[in-house]
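# Would you be able to build a 3D model of this:
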Amino acid sequence: TGAISIPQTANLSTQDHDRDLHVPTENSVTNADVLLINDEAELTEEILELLGDNPDKNISQKLLLHPEIIARWNFFLKHGITQQLKTKLFETYILDSNCEALSPPILNPEVAAVLSGANLNRDKARSSLQSQLSRGLLALGLGFSAILEESSNIPSPLRDKLLTSFTDAGRLFTDLFFTESMTRRSLIAPILNKEIKDLVDPSEVDTFLFGSDLADKIKSAKIIKSTARELRAPAVPTTSFRQKSARWNKKPATATRPQSENRNRPIRRKGETDLYKGRSYRRESNSRRDTFRGRGKQQ
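Numbering: from 1, shown residues only. Just a heads-up that it's a prediction; the model follows:
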C-alpha cells in the first residue's frame, strides 16, 4: 500500500562492528608512543636562538590606511589635483622658512649662458617639480614640528608612532629632492667642456645648482692655467731621426741638359763631314732626290 521497503542489513554484533571499523574503545590500550605538543609553553631566549628566526615574522604585513584617506589619494594619484587647489596650496606653503635648503637650487648664470633654449626649458620644468616637492616637505615639517612641540601632551605609544612615520616620510622626500638636483646636474654636465666639468663635479649643491662659488673657481682655474703657461720653458725644436735620415740619403741635384731645338737633324757619326751645316735637312734631301730622278730620265 505505498510503503517503502528498506533493505535489511546483516545483523552484526557490536564487537564485530567495532572490529571492522577499527574504532578504539575507551578501554582499548595501544602500545604506540604518543607525542603531545604543548603550544602554550613559554620558551627561553636561549632556546629561541637555537631554533632560529621565525619565518612568519619576516613576512611584511600590509600597512592599512584609513578608508577616507584611501578614497582621496587614489583619485589624486590617478588624476592629480586641480589647478585651483594647487595654486591655493602654493600660496599657503610659501618657501620662506628657516630651512634654506628646502628651496630648489638656482641654475648658475655662468652655466645658463651656454645652454640652448631646449635645455633651459627642461631644467626649468624639473625645477618646478622640486618646487612642488619642497612645499610638500614644508607641510610635512610643520606637522612634524607640532608633534614635537606637544610631545609631552601626547600619549607615548601614539607619539612614538607618529614620530616614526613622520621621520621616515621626511627621509624619503628629502632624498628624492637631492636625487632630483643630481639629475638636473647630470643632464647639463655633458654640454660643458672638460675643464668646467672637472670643476663642478665635486662641488656641493647649495643655493645654486653647481655651488655658489662657481664663478670664483672658474677665475682661479684661468689664472692658474695662464701662470703655468708663463712658467713653462719654450720648447726647443728637435729633429727627428726620420728627418735626419731623409736629409742624409737625399741625392745632390744635377743640372739638366737643355734639349736641342733641332731634334730632327740626323746624328753625325765620328769622321763624317758636316754636309748639312747651316742648311735644313729636309731641303737638302729634296734637292738630291730631284737630281737623281733627272739623271734617270736622261739615260
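
# tell me the contacts of the closest residue to Leu163 other than its chain neighbours?
Leaving out its chain neighbours, the residue that sits closest to Leu163 by CB to CB, 6 or more residues apart in numbering is Ile147, at 6.3 Å. Bear in mind the C-beta positions are built from the backbone N, C-alpha and C, glycine included. With contact taken as CB atoms under 8 Å, 6 or more residues apart in numbering, Ile147 is in contact with Ile154, Arg159, Leu162, Leu163, Phe166.

# quick check, nearest of the residues you listed to Gly136?
The shortest gap between Gly136 and any of the contacts of Ile147 belongs to Phe166, at 12.8 Å (CB to CB).

# quick one: secondary structure of the closest one?
Put simply, Phe166 is helix when judged by DSSP: H, G, I helix; E, B strand; the rest coil.

# who touches the strand or helix carrying Leu48?
For Leu48, the host element (DSSP states H and E) is helix 45-51. Under the contact criterion CB under 8 Å, 6+ apart, helix 45-51 has outside partners Leu43.

# Give me the mean pLDDT for it.
On average, the pLDDT along helix 45-51 is 84.

# got the CA coordinates for that helix in CSV?
The C-alpha coordinates for helix 45-51 follow below in CSV (Å, rounded to 0.1, in the frame of the first residue of the first chain):
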residue,chain,number,x,y,z
GLU,A,45,65.6,33.2,24.9
GLU,A,46,68.4,30.6,24.6
ILE,A,47,66.1,28.0,23.1
LEU,A,48,64.6,30.5,20.7
GLU,A,49,68.0,31.4,19.5
LEU,A,50,68.8,27.7,18.8
LEU,A,51,65.5,27.4,16.9
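
# Toward the C-terminus, what is the element adjacent to that helix?
Following helix 45-51 toward the C-terminus (DSSP H and E): helix 55-58.

# hey, C-alpha coordinates of that following helix in CSV?
This file holds the C-alpha atoms of helix 55-58, laid out as CSV (Å, rounded to 0.1, in the frame of the first residue of the first chain):
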residue,chain,number,x,y,z
PRO,A,55,59.8,32.9,9.2
ASP,A,56,56.3,34.3,9.8
LYS,A,57,57.7,37.4,11.4
ASN,A,58,59.8,38.2,8.4
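
# Mind checking the pLDDT average for it?
Across helix 55-58, the average pLDDT comes to 70.

# Beyond that helix, next helix or strand please.
Using DSSP H and E, the helix or strand that follows helix 55-58 in sequence is helix 67-79.

# Can you tell me the number of residues neighbouring the nearest residue to Leu43 once chain neighbours are set aside?
Distances taken as CB to CB, 6+ apart put Leu51 closest to Leu43, at 7.7 Å, once the chain neighbours are dropped. Residues near Leu51, counting by other CB atoms under 10 Å, number 9.
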